[in-house]
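S.K.: let me see the structure of the following:
(chains A, B, C and D)
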2 protein chains.
Amino acid sequence: MAVTIKDVAKAANVAPSTVSRVIANSPRISEKTKEKVREVMKQLGYHPNFIARSLASQATRAIGLVLPSSTDIVSQNPFFPIVLGGLSDGAHSKQYALHMTTGKTEEEIFEGVVSMVQGGRVDGVILLSSRVEDPLVSYLLEQDFPFVVIGKPFKNVEQITHVDNDNFKAAKDATNYLLSLGHEQIGFIGGNLNLVVTVERLLGYEKALRDAGLPLINEYVIHDEFLREGGREAVQALLALKKLPTAMLVADDLMALGVLNALDELGISVPEDVSIVSFNNVLVAEMARPPLTSVDINIFDLGYEAAKSLIQKIENPKEPTKRIIIPYELVKRSSCAKPTKKTLTL
Amino acid sequence: MAVTIKDVAKAANVAPSTVSRVIANSPRISEKTKEKVREVMKQLGYHPNFIARSLASQATRAIGLVLPSSTDIVSQNPFFPIVLGGLSDGAHSKQYALHMTTGKTEEEIFEGVVSMVQGGRVDGVILLSSRVEDPLVSYLLEQDFPFVVIGKPFKNVEQITHVDNDNFKAAKDATNYLLSLGHEQIGFIGGNLNLVVTVERLLGYEKALRDAGLPLINEYVIHDEFLREGGREAVQALLALKKLPTAMLVADDLMALGVLNALDELGISVPEDVSIVSFNNVLVAEMARPPLTSVDINIFDLGYEAAKSLIQKIENPKEPTKRIIIPYELVKRSSCAKPTKKTLTL
DNA sequence: TTGTATGCGTTATCAA
DNA sequence: TTGATAACGCATACAA
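M.R.: So this is what the prediction gives:
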């Protein structure tokens, strides 16, 4: 059995409560006894028991992380390891631990969160992605349990602390960049419309086109799951059109990789025939052929700030609701060029 | 305050211990009272408090996960989200939760694990990568704390339950495949030699060459960090040679992506000039151009089996040490071809 | 089959 | 400045 506060107390000839106060560094304990107790703690190799501490203090110093479905291909996105790094950093700096939950189905995930929350395993929760009509958000609001969303909440935006990029503006900027190059037929390939981020990027794209006085062509907007098949199917859908776009805004780097792939197979070259801009700027954007122009959304910071603001909320329940906007930056690489005069048709 | 076992007891006119037994589904409680109690639990919205349960039962039903440095570029590898999915699945199926720790430096990670273990936050630990001379392994062995390593332990192999691929044989097979295509100058580009997996793959590569009666050429073996710069620098090092290899075994898909990139910039084509085989078979292997021949190591299963075997170990301390070998498979794609007659020189 | 009483390792509220 | 002692919510040995 591990050495407890009582063992230390006995060895130091003080009461357990005194030891507890020394651990908390209470100012009401004399320096002399503090040192004595600390000495004994070291000698005995004492480590505080988090479980007992949590039960007594009604606080776990643990943050619950809700990941999307583990089997979902989305979870293969490098976005998650990176955001995890930021979360870990932010939590660690305040001595908080991370607790994870995920599951194969929506229901499993929901149940996992409920048991984490009701079971008192964590002091707060971070949702790693913002979904449309997410029952988890309703649940957490109802319970008045501290939580932070990474991304823009679908509704109740004013009541939910969240950390986000301005994805609307980012998409508008990215589209404007393509417009500034001279493109007028610009396609949009987005992921799952259940993710708020997809919607925001789509809206930004549309706004830019409208502002430029260009028509919104339905056939130029394609939605699909992020990633692999996504890119391919999207390209195939575009190819069914008479008039191909000369540029595409793709909602995710990995998806853009799929698009590059599909285009290559068809002998369509980037950026000569089609320009591409994507989002997130993870490692593969730089490593793609050609390297992708991509909107860097500072994923690490999203995680870091989310952890920080959740902890603030936990430690000060009166903390007002916050919206933290992480800056983005369009990183230009060689996947974009001016459109060629001829319109590419097959 | 949340509803407790006492509230349920009162409402159901039984003793708290009876409620506790109903929760544990003790056979010594009549079906009638069980139903009655369950009914009340539902009505009151009772949820067991994990913290209290942990303290009383001296078990947390939580597994500690040790990730490599969060800032390390290695953590951007899709390997982690995938293995996490497997771990989550395995843990979930036995009602275990996941607790994470990581840090910026080795020391931070070590301290995190110590506090997790000594603090009683978890019942066991899984090391997500096997490092050479890992102080964590020594520590956990010393403490006689249940743990499982993903990968081959550097030493004390017989005393440490681990889940691994036969990376030695996998590398041998992969090299033999290149040999069978007719390649005789085969390079090896590996990652950090602190990772046991790198060493194993290198040894397998060397064995295959020796078995084939081919010389081991020092200059053909290059080590670098996994990922980005890795690939590039490795290729540059190879290019400094008079006689380029006609094929390369690359220890990681992402790194291979970097290699592809660097080769492309130099106008060297794959597979016409150089064939490439890599490891892990994550999504990008399929999405690379050309698609990479890669050894699929069933990452998800590594995680799943690791969770399962740790839980077995936790629940039955007499459980013998196990080594679980997950099968691999060489997935052939178009990054390999027979060598051209001419030797490529610059 | 069920109830009573104690302990798990802390924190926190009283006293002293 | 310190020491008893009662929670915290649950599991379990022992009684009944």
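S.K.: please enumerate the strands of chain A.
M.R.: Here chain A has its strands, by DSSP state E, at A:62-66, A:97-101, A:124-127, A:147-150, A:162-165, A:186-190, A:221-223, A:247-250, A:275-280, A:293-296, A:323-326, A:329-331.
S.K.: in the last one, what counts as buried?
M.R.: Neighbour counts using 16 or more other CB atoms under 10 Å in any protein chain shown place A:Leu330 of strand A:329-331 among the buried residues. Backbone N, C-alpha and C define where each C-beta goes, glycine included.
S.K.: got the buried residues for stretch A:206-221?
M.R.: Buried-residue list, stretch A:206-221, by 16+ other CB under 10 Å: A:Glu206, A:Lys207, A:Ala208, A:Leu209, A:Leu214, A:Tyr220.
S.K.: if we can go back for a sec, just send the strands of chain A back as JSON lines, with distance to chain B too.
M.R.: Shown next, in JSON lines, are these (distance: least, CB to the nearest CB, whole Å):
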{"stretch": "strand A:62-66", "distance to chain B": "8"}
{"stretch": "strand A:97-101", "distance to chain B": "4"}
{"stretch": "strand A:124-127", "distance to chain B": "12"}
{"stretch": "strand A:147-150", "distance to chain B": "15"}
{"stretch": "strand A:162-165", "distance to chain B": "17"}
{"stretch": "strand A:186-190", "distance to chain B": "15"}
{"stretch": "strand A:221-223", "distance to chain B": "18"}
{"stretch": "strand A:247-250", "distance to chain B": "13"}
{"stretch": "strand A:275-280", "distance to chain B": "12"}
{"stretch": "strand A:293-296", "distance to chain B": "14"}
{"stretch": "strand A:323-326", "distance to chain B": "18"}
{"stretch": "strand A:329-331", "distance to chain B": "15"}
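S.K.: which one of those strands lies nearest to DNA strand D?
M.R.: Taking CB to the nearest atom of the strand, strand A:62-66 is the member of the strands of chain A nearest to DNA strand D, at 16.1 Å.
S.K.: what's in contact with that closest one?
M.R.: Strand A:62-66 is contacted by residues A:84, A:87, A:91, A:96-102, A:109, A:112-113, A:116-117, A:121-128, A:136, A:307, A:310-311, B:99-100 when judged by CB atoms under 8 Å, 6 or more residues apart in numbering or on different chains.
S.K.: stretch A:142-159 too?
M.R.: Contacts of stretch A:142-159 (CB under 8 Å, 6+ apart): A:83, A:117, A:123-134, A:137, A:140-141, A:160-164, A:167, A:195-197, A:200, A:302-303, A:306, A:309-310, A:313-314, A:317, A:321, A:323.
S.K.: report the buried residues of that stretch.
M.R.: Across stretch A:142-159, burial judged by 16+ other CB under 10 Å covers A:Phe145, A:Pro146, A:Phe147, A:Val148, A:Val149, A:Ile150, A:Gly151, A:Lys152, A:Pro153, A:Phe154.
S.K.: what do you get for stretch A:164-175?
M.R.: Buried residues in stretch A:164-175 (16+ other CB under 10 Å): A:Asp164, A:Asn165, A:Asp166, A:Asn167, A:Phe168, A:Ala170, A:Ala171, A:Lys172, A:Asp173, A:Ala174, A:Thr175.
S.K.: now, which of the residues you listed sits nearest DNA strand C?
M.R.: Checking those against DNA strand C with CB to the nearest atom of the strand, the nearest one is A:Asp164 at 34.4 Å.
S.K.: how about the nearest residue to the closest one, chain neighbours excluded?
M.R.: Leaving aside its chain neighbours, A:Asp164 sits nearest to A:Lys152 (4.8 Å; criterion: CB to CB, 6 or more residues apart in numbering or on different chains).
S.K.: residue contacts, A:Leu140?
M.R.: Residues near A:Leu140 by CB under 8 Å, 6+ apart: A:Val113, A:Val117, A:Val125, A:Phe147.
S.K.: correction: the previous question concerned A:Leu330.
M.R.: A:Leu330 sits next to A:Ala170, A:Asp173, A:Ala174, A:Tyr177, A:Val277, A:Thr293, A:Ser294, A:Val295, A:Asp296 when contact means CB under 8 Å, 6+ apart.
S.K.: the third one and A:Val250, how far apart?
M.R.: Same thing as A:Ala174. 10 Å (CB to CB, to the nearest Å).
S.K.: need the overlap of contacts for these two.
M.R.: Common neighbours of A:Ala174 and A:Val250 (CB under 8 Å, 6+ apart) are A:Val277, A:Phe279.
S.K.: the buried residues of stretch A:206-221: which two are farthest apart?
M.R.: When CB to CB is used, the two most widely separated members of the buried residues of stretch A:206-221 are A:Lys207 and A:Tyr220, lying 14.8 Å apart.
S.K.: quick one: find the helix or strand in chain A with the lowest mean pLDDT.
M.R.: Within chain A, no helix or strand scores below helix A:228-239, which has a mean of 68 by mean pLDDT, DSSP states H and E.
S.K.: gap between whatever residue of the stretch 101-250 of chain A ends up closest to DNA strand D and chain B?
M.R.: The minimum distance from the stretch 101-250 of chain A to DNA strand D, using CB to the nearest atom of the strand, falls at A:Gly120 (7.2 Å). Using CB to the nearest CB, to the nearest Å, A:Gly120 is found at 5 Å from chain B.
S.K.: with A:Glu39 instead?
M.R.: A:Glu39 is 18 Å from chain B, where distance means CB to the nearest CB.
S.K.: where does the stretch 1-150 of chain A dip in pLDDT?
M.R.: Within the stretch 1-150 of chain A, the segments meeting pLDDT under 70 span A:1, A:70-75.
S.K.: please redo it, this time with the cut-off set to 80
M.R.: For the stretch 1-150 of chain A, the stretches with pLDDT under 80 are A:1, A:69-76.
S.K.: near DNA strand C, which residues of it are found?
M.R.: A:1-2, A:4-6, A:16-17, A:20, A:23-24, A:46-49, A:52-53, A:55-57 (CB under 7 Å from any atom of the strand).
S.K.: can you flag the buried ones in those residues?
M.R.: Burial by neighbour count, judged by 16+ other CB under 10 Å, picks out A:Thr4, A:Ile5, A:Ser20, A:Ile23, A:Tyr46, A:His47, A:Pro48, A:Asn49, A:Ala52, A:Arg53, A:Leu55 from these.
S.K.: could you find the closest non-adjacent residue to the fourth one?
M.R.: Pointing back at A:Ile23 there. A:Ile23 sits nearest to A:Pro48 (CB to CB, 6+ apart), 6.2 Å away.
S.K.: phi, psi of the one you found?
M.R.: Dihedral angles of A:Pro48 (phi, psi; degrees, to the nearest 10) stand at phi -60, psi 140.
S.K.: OK, contacts around it?
M.R.: A:Ile5, A:Ile23, B:Gly119.
S.K.: can you map out the helices along chain A?
M.R.: Applying DSSP state H to chain A gives helices spanning A:5-12, A:16-23, A:31-44, A:50-57, A:79-93, A:106-118, A:135-143, A:167-180, A:196-211, A:228-239, A:253-265, A:283-287, A:299-315.
S.K.: follow-up on the earlier one: most neighbours among the contacts of A:Leu140, which one?
M.R.: Among the contacts of A:Leu140, A:Phe147 has the most neighbours (other CB atoms under 10 Å in any protein chain shown), with 28 neighbours.
S.K.: A:Arg121 versus that residue, what's the distance?
M.R.: Counting by CB to CB, the gap from A:Phe147 to A:Arg121 is 14 Å.
S.K.: again, but for A:Gly112
M.R.: Distance from A:Gly112 to A:Arg121, by CB to CB: 10 Å.
S.K.: likewise for A:Arg61?
M.R.: A:Arg61 is 11 Å from A:Arg121, by CB to CB.
S.K.: on that earlier part again, okay, now the residue of the stretch 101-250 of chain A closest to DNA strand D: neighbour count?
M.R.: 22.
S.K.: again, but for the one 4 residues further on
M.R.: As a burial measure, the neighbour count of A:Gly124 was computed by other CB under 10 Å and equals 23.
S.K.: test my guess that it contacts A:Lys313.
M.R.: Yes: with contact defined as CB atoms under 8 Å, A:Gly124 counts as touching A:Lys313 (6.5 Å).
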